[in-house]
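# next input, structure requested:
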Amino acid sequence: MSGSETKTEVLMIADAEMEGLPAGRGKSATNKNACTIFDQYVQPCLVELLGTTLFVFVGCASVIGNVGAGAIQPAVAHGLALGVLIMVFGPISGGHFNPVVSLSIYLCGGMELPLLVPYVLAQMFGGMTGAGLAKTMYPSTLYTATLGGAFNAAAVTGDLGKATLAEVMMTLLLTMVVCMGAVNSRTRSEWAPLCIGLTVTANIFAGGVVSGACMNPARAFGPAVAANHWNLHWIYWVGPTCGALLTVSLIRLLFGDQKTRVVLK
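Have a look, this model is predicted:
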């Protein structure tokens, strides 16, 4: 066999592997890459969108349809919904459903930077969608009387400093439970979804009469858009963000494992 014939056969075999039956390898690699991108980036954002929609819907509906004057119905509804959603969707996205939770998890090393902004955007859209669904479901008179589940710090307390402090402390507790229970390797627990849901319930019981116990800018933003109620809305961004940053500082400096701490490793 001549050298030219050998080269021709090699080229034909190479072309067959690229285009023929063994060419499935190339297509399989492409499909695998596409699946990997979907699993790592697209699907988690979709889950955050859906999960936040469901959480805010249940939260707003529990406030609008609250049959009693107390906080029992909203507290239990928020806590149960969040715990169940984290248990179901946590393996896909982590089950954040809260911009300051995503921020604290990222700063504690529990998620990648490229996911942070998409997560927050998905959560904000989810908040608006959930609040809009609650508005559609309830009669307009009942919806208007409760502001559609939107937070109204001025009606709850006249002291904005106390309301902001309440949001800081309650979010500190929530994000501490999230990061220590789901991110920090030494304290990670399978009971984290239940603990997080119970923390939300406890916070609503403890601070609902002071600030409304938001702890979640997406939970505040969605109903504010649906009801067009923006009175003192900044409290529900500043308070939770400061609480999350306090959590990150404590974990990074004191309570995190050796991988998480930035000092005394």
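# for the lengthiest helix in the chain, what is the distance to the chain centroid?
Looking across the chain with DSSP state H, the single longest helix is helix 113-137. Chain-centre distance of helix 113-137: 9 Å, with CA atoms, centre = their mean, to the nearest Å.
# count the neighbours of Val168 for me.
Counted with other CB atoms under 10 Å, residues neighbouring Val168 total 22. In short, each C-beta sits where N, CA and C put it, glycine included.
# quick check: buried residues in stretch 188-208?
192-208 (16 or more other CB atoms under 10 Å).
# stretch 114-134 too?
Those would be 115-116, 118-120, 122-134, for stretch 114-134 by 16+ other CB under 10 Å.
# just the helices in the chain please.
For the chain, applying DSSP H gives helices covering 3-19, 24-37, 43-64, 72-93, 99-107, 113-137, 140-145, 153-156, 160-182, 192-207, 217-227, 235-250.
# in CSV: these, plus mean pLDDT and distance to Arg261.
Converted to CSV, those look like this (pLDDT from 0 to 100; distance: least, CB to CB, whole Å):
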stretch, mean pLDDT, distance to Arg261
helix 3-19, 40, 50
helix 24-37, 71, 31
helix 43-64, 97, 27
helix 72-93, 97, 25
helix 99-107, 98, 13
helix 113-137, 97, 20
helix 140-145, 93, 48
helix 153-156, 68, 36
helix 160-182, 96, 13
helix 192-207, 97, 20
helix 217-227, 97, 28
helix 235-250, 97, 11
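# nearest to Lys259, out of those?
Smallest distance to Lys259 across the helices of the chain (CB to CB): 13.1 Å, for helix 160-182.
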